[in-house]
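Asks: Sharing a model that was predicted from the sequence below.
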Amino acid sequence: MTRALVRDVMTTPAISVDENTPFTDLVAVLSENRISGVPVTDAGGVVVGVVSESDLTVKQAVSGDVPGVRAISPARRRRARERLRRAAGTRAADLMTAPARVTYEHTPLPVAARTMADAGVDRLPVVEPLAGRPLGIVTRSDLLSVYGRGDEEIGAQIRDEVLLREYAIDPSGVLVTVRDGVVRLQGWVENVALIPSIAATVAGIDGVVAVENLLSGDVSADVYRPAAAR
């Protein structure tokens, strides 16, 4: 079964800056390309960090020393010092968030979504697997683009690729309805043990928001949700 990969939604060509790019040039790159973040590469062209608008606005948000810094907790003190360090930065290496969390062009979208969520970032540089050089970038909005698929297209994929090809089940024996990305499966499956697997496979289809499993068997009326929608 075909699944959308990062390469299907990422933005190319790769836009990047090197570690010595001055602050004003960083602002210009973001503005001219209408982007909110850009990968930073070292002398060898390997991605080592990411500079975003939030990294750059620290300079505006922080001015001078932090009042009462000795009275706050050690953790807050460290964060305050880091903000001050970034505010004093004049080049990409000083301002970037590092190390960079990256992904690859053949990574399935749900995996990239989990990486993004775990790292708490809005974008991931897409890099070459071994060399680490940038190929493009993928954002949260890129990952959400798969949910724009039409209900009829999703239903046809379930009947043709999942039921018929993957599980060798006659689609005429299963009623598949899709509305706003929510799939309902109704009918009878000869091998009851396959029901959880069928529901989970359908939940993993690009654009599926949730699956209402009403197939006959032990797991009727269960709801399976794809990882990217949790």
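Replies: That came through, no problem.
Asks: quick one: average confidence on the host helix or strand of Val50?
Replies: Element membership for Val50, per DSSP states H and E: strand 47-52. What strand 47-52 shows for mean pLDDT is 94.
Asks: Can you name every helix or strand that it contacts?
Replies: strand 37-41, helix 92-95, strand 123-127 (3 or more C-beta pairs under 8 Å, 6 or more residues apart in numbering; DSSP states H and E). Glycine gets a C-beta too; all of them are placed from N, C-alpha and C.
Asks: just the angle between the last one and strand 37-41, please?
Replies: Counting by axes from the mean of the first three to the mean of the last three C-alpha atoms, to 10 degrees, strand 123-127 points 40 degrees away from the direction of strand 37-41.
Asks: Which SSE is immediately downstream of strand 123-127?
Replies: Following strand 123-127 toward the C-terminus (DSSP H and E): strand 134-139.
Asks: chain center to that following strand: distance?
Replies: 11 Å (C-alpha atoms, centre = their mean, to the nearest Å).
Asks: and that strand, what does it pack onto?
Replies: Here strand 134-139 touches strand 37-41, strand 123-127, going by 3+ C-beta pairs under 8 Å, 6+ apart.
Asks: Reformat the ones you listed as TSV; add mean pLDDT, distance to Arg7 and mean neighbour count.
Replies: Below are those laid out as TSV (pLDDT from 0 to 100; distance: least, C-beta to C-beta, whole Å; neighbours: other C-beta atoms under 10 Å):
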stretch	mean pLDDT	distance to Arg7	mean neighbour count
strand 37-41	95	16	26
strand 123-127	95	8	25
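Asks: Now render these as JSON lines, adding distance to Leu163.
Replies: Output for those, formatted as JSON lines (distance: least, C-beta to C-beta, whole Å):
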{"stretch": "strand 37-41", "distance to Leu163": "41"}
{"stretch": "strand 123-127", "distance to Leu163": "33"}
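Asks: Show the average pLDDT along stretch 150-168.
Replies: For stretch 150-168, the per-residue pLDDT averages 95.
Asks: 405 is where my numbering starts, stick with that
Replies: With the count now opening at 405, the last piece we talked about shows up as stretch 554-572.
Asks: neighbouring contacts of it?
Replies: Residues outside stretch 554-572 that contact it (C-beta atoms under 8 Å, 6 or more residues apart in numbering) are 405-406, 573-575, 578, 580-585, 587, 598, 601-602, 605-606, 609, 611-612.
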